[in-house]
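Undergrad: Provided below for reference: sequence and predicted model.
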Protein chains: 2
Amino acid sequence: MSNGISLKELAAELKLAPSTVSRALNDSYEISEATKKKVINMAEKLNYQPNPFARSLRENKSKTIAVIIPERINNFFAQVMDGIEEIAHEHGYHLLVYSTHEDVEKEKKIVSLLQNKRADAIVMSVSSQTSDVSHLEKLYQRDLPIIFFDRVCSDIPTTKFITNDYESAYEGTKHLIQQGCQKIAFLMLAKELSITKERYRGYLDALKEAGMQPEPTFSLHCCRSDEENIQLITELLKSENRPDGILSSVEKLALATYHAVKKTKLSIPDDLKIITFSNMSSAGLLSPSLSTITQPALTIGQECAKLLIKKLTKPRHNELKDQVIVIPSKLTIRESTMAR
Amino acid sequence: MSNGISLKELAAELKLAPSTVSRALNDSYEISEATKKKVINMAEKLNYQPNPFARSLRENKSKTIAVIIPERINNFFAQVMDGIEEIAHEHGYHLLVYSTHEDVEKEKKIVSLLQNKRADAIVMSVSSQTSDVSHLEKLYQRDLPIIFFDRVCSDIPTTKFITNDYESAYEGTKHLIQQGCQKIAFLMLAKELSITKERYRGYLDALKEAGMQPEPTFSLHCCRSDEENIQLITELLKSENRPDGILSSVEKLALATYHAVKKTKLSIPDDLKIITFSNMSSAGLLSPSLSTITQPALTIGQECAKLLIKKLTKPRHNELKDQVIVIPSKLTIRESTMAR
DNA sequence: TAAAAAATCGCAATCGATTTCGTATTTAAA
DNA sequence: TTTAAATACGAAATCGATTGCGATTTTTTA
């Protein structure tokens, strides 16, 4: 009673063979309408729930998608998850969610756990520490469909969804220059990250176009620890040759900058202007309000899930091509980059 | 090759029976050390990965915990998830995650999907629309271990983890009064929610103790839509008899208040002081910085997972008692409640 | 009316790992 | 030296749903 009944028990109750009941529930053409109705009614009455593991074992698919993200307390990833979930649920898929906490070792463990096909496919954004991708190649060789988004792995020949990182960074930097910044710094998590590379390129090109030299000390490599990052940024801001503009490649570094500024006598935007990649809904409520490059997170999640489910439904016709799909970000100017 | 090998194939390779190989891998006392080594080595060499569904089918457990939260873009729930995941992973459990988006209908669907034991247990916080709990009772009757946190269901006799909502709201309100507020409003999502009830009680008692009358219009019921909430709050602030203090029972309503204030000529904290329940890390960076009652989210998640896993590991000795475990919140005073 | 075709349904194998029970071999006790 | 006990392993059932194939009944066609 407490643990629902099985197909066999349901069949016994109906005085039918399990095979018949199974076919009836799956609406097979081999079963008469009368029988189907009887079966469905009894199944309803006894609250029959098919065992998902028996089914997965038999069909060799779990109706489950694994999602691996670097961190949960991040509006961008949370929104992407919402997008993935929306489409996944529409198609009866469940979501196994893992956070690497920006730790490659953890990422490797998680990936290793997924080798046994517990999930039919994987959607992921790699950790900032990920440079060696052998663990991901292993997945690919196992024929596990993978899709990357945002922080992608160009070495793995599959579909990747990203935003126009180069252009956005270029535009953001250009905006800072237009607002009067002379010495612009770039804050990054790890230089191996795909998004870092692209955004850095955009930053450099904008500088070059304006005839500005990139200062080596203005390319700041940060880490996982908020405290350390605040320290690093504070030092940069207190240094003799300090920047007057900042392009932050990720949300958390912009927030760290706000904290760092509080430890100096500087003020935003008078002494320092800042723009960041961020999906924070409260960016407009910060003091001062924060100019952002907002990524279409929900759409990215939806598109990832749509493509993956297409692939899972019709594997033959939908190979995950080695391609990069770009969805543009949106730049929102606020007080933090206002000219005096 | 692409799809790993099975136990049977591994056994064939070793010229052993599948039963022997299974026992060897599970470190059974019936198998000699020599054989164990051979088996383990070969399993390693061929990268054997046990099929989780075959195992789940046989053992009638999935090593999976389902987590149901009202929304993902919420620092509190994100942190709770991190806590649950930490402990779950330590014990080899996976996490199926679902968001109801504050929608009961969605919650019912999700709960219905979990009736088939896809997950061994459930950790959840109910949606703000949840008042009828028949769908949750069905789960309970199915012997599916459930633990509630934060937004609990007192009708379901199981363990609940909450914070000291009454005291925190009481202290928060008292703080507002001490800072000079005369007319304090209370912002809530839905009055049926457990947290709303408790926090409202604390609010009322603090008022009463100060000899203040609760204005009916100062108890503001909000909804899921940010726009509507901002509208509601704006109207309240523009009304003739407007409050000079606000206790917000959830983070999003405090942010909505900040947005609403921008549409008026009021300023925080001079004209209006506000304190809110929130786990936002950037509360200190808002303009003005936001006083908060911060819940021990990570700890809550960890404790939920610990208790659940104890129950799953030793079902006999660890029934989930009908009890409420309280972990205290922390009050952080910032500019938004400063006296002039 | 007989034969062919269609409609319905049951039997049994299968997915992969675990486990009960049984058997053969080795070791220890009598 | 014989018997009892311990050791090491295999055969087969099992978990629950699906499906190929075969069997039976009913309907259609000739």
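TA: Perfect, thanks for sending it.

Undergrad: C-alpha only now, for contacts and for neighbours.
TA: Noted.

Undergrad: Where do the helices of chain A begin and end?
TA: A:7-14, A:18-25, A:33-45, A:52-59, A:75-90, A:104-113, A:134-141, A:165-178, A:194-209, A:226-238, A:251-262, A:297-313 (DSSP state H).

Undergrad: which helices and strands does the fifth one pack with?
TA: So that's helix A:75-90. The contact analysis (3 or more CA pairs under 8 Å, 6 or more residues apart in numbering or on different chains; DSSP states H and E) places helix A:75-90 against strand A:64-69, strand A:94-99, helix A:297-313.

Undergrad: in it, what counts as buried?
TA: By neighbour count with 16 or more other CA atoms under 10 Å in any protein chain shown, helix A:75-90 contains the buried residues A:75-88.

Undergrad: Next: the longest one.
TA: Of the residues in helix A:297-313, those scored as buried under the neighbour-count criterion (16+ other CA under 10 Å) are A:297-309, A:311-312.

Undergrad: Just checking the distance from it to the centre of its chain.
TA: A distance of 12 Å separates the centroid of the chain from that of helix A:297-313, by CA atoms, centre = their mean, to the nearest Å.

Undergrad: list the helices and strands it packs on?
TA: Applying 3+ CA pairs under 8 Å, 6+ apart, one finds that helix A:297-313 contacts helix A:75-90, strand A:146-149, strand A:160-163.

Undergrad: Give me every residue in chain A that's in contact range of chain B.
TA: Within chain A, the residues that sit near chain B (CA under 8 Å from any CA of the partner chain) are A:1-4, A:49-54, A:56-57, A:72-73, A:75, A:78-79, A:82, A:85, A:94-99, A:115-118, A:141-143, A:255, A:258-259, A:282, A:285-288.

Undergrad: Please verify my assumption that residue A:255 contacts residue B:283.
TA: No: with contact defined as CA atoms under 8 Å, residue A:255 does not count as touching residue B:283 (10.7 Å).

Undergrad: thinking again about what came up before, turn the buried residues of helix A:75-90 into JSON lines, including pLDDT.
TA: Listed next are the buried residues of helix A:75-90 as JSON lines, based on pLDDT from 0 to 100:
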{"residue": "A:75", "pLDDT": "95"}
{"residue": "A:76", "pLDDT": "97"}
{"residue": "A:77", "pLDDT": "98"}
{"residue": "A:78", "pLDDT": "97"}
{"residue": "A:79", "pLDDT": "98"}
{"residue": "A:80", "pLDDT": "98"}
{"residue": "A:81", "pLDDT": "98"}
{"residue": "A:82", "pLDDT": "98"}
{"residue": "A:83", "pLDDT": "98"}
{"residue": "A:84", "pLDDT": "98"}
{"residue": "A:85", "pLDDT": "98"}
{"residue": "A:86", "pLDDT": "98"}
{"residue": "A:87", "pLDDT": "98"}
{"residue": "A:88", "pLDDT": "98"}
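
Undergrad: Look at residue A:52 and say how many residues are nearby.
TA: Using other CA atoms under 10 Å in any protein chain shown, residue A:52 has 18 neighbouring residues.

Undergrad: er, residue A:8 I mean
TA: Close neighbours of residue A:8, defined as other CA under 10 Å, add up to 15.

Undergrad: Point me to the residue of the stretch 51-200 of chain A nearest DNA strand C.
TA: Closest to DNA strand C within the stretch 51-200 of chain A is residue A:58: 3.5 Å, counting by CA to the nearest atom of the strand.

Undergrad: before we move on, the earlier item: would you format the helices and strands packed on helix A:75-90 as JSON lines with mean pLDDT included?
TA: Below are the helices and strands packed on helix A:75-90 laid out as JSON lines (pLDDT from 0 to 100):
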{"stretch": "strand A:64-69", "mean pLDDT": "98"}
{"stretch": "strand A:94-99", "mean pLDDT": "98"}
{"stretch": "helix A:297-313", "mean pLDDT": "97"}
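
Undergrad: In CSV, list those along with distance to residue A:167.
TA: Shown next, in CSV, are the helices and strands packed on helix A:75-90 (distance: least, CA to CA, whole Å):
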stretch, distance to residue A:167
strand A:64-69, 24
strand A:94-99, 29
helix A:297-313, 17
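
Undergrad: need the contact list for residue A:56.
TA: For residue A:56, the contacting residues are A:62-63, B:53, by CA atoms under 8 Å, 6 or more residues apart in numbering or on different chains.

Undergrad: now for the buried residues of helix A:75-90, which pair is the farthest apart?
TA: Farthest-apart pair in these is A:75 and A:88; separation 19.7 Å (CA to CA).

Undergrad: For residue A:320, give its distance to DNA strand C.
TA: To DNA strand C, residue A:320 is 24 Å away according to CA to the nearest atom of the strand, to the nearest Å.

Undergrad: who in the stretch 51-200 of chain A is up against DNA strand C?
TA: A:54, A:57-58, A:60 (CA under 7 Å from any atom of the strand).

Undergrad: same thing but at 6 Å, please
TA: A:57-58 (CA under 6 Å from any atom of the strand).

Undergrad: sorry, back to before: which among the helices and strands packed on helix A:75-90 is found nearest to residue B:194?
TA: With CA to CA, the closest approach to residue B:194 among the helices and strands packed on helix A:75-90 belongs to strand A:94-99: 27.6 Å.
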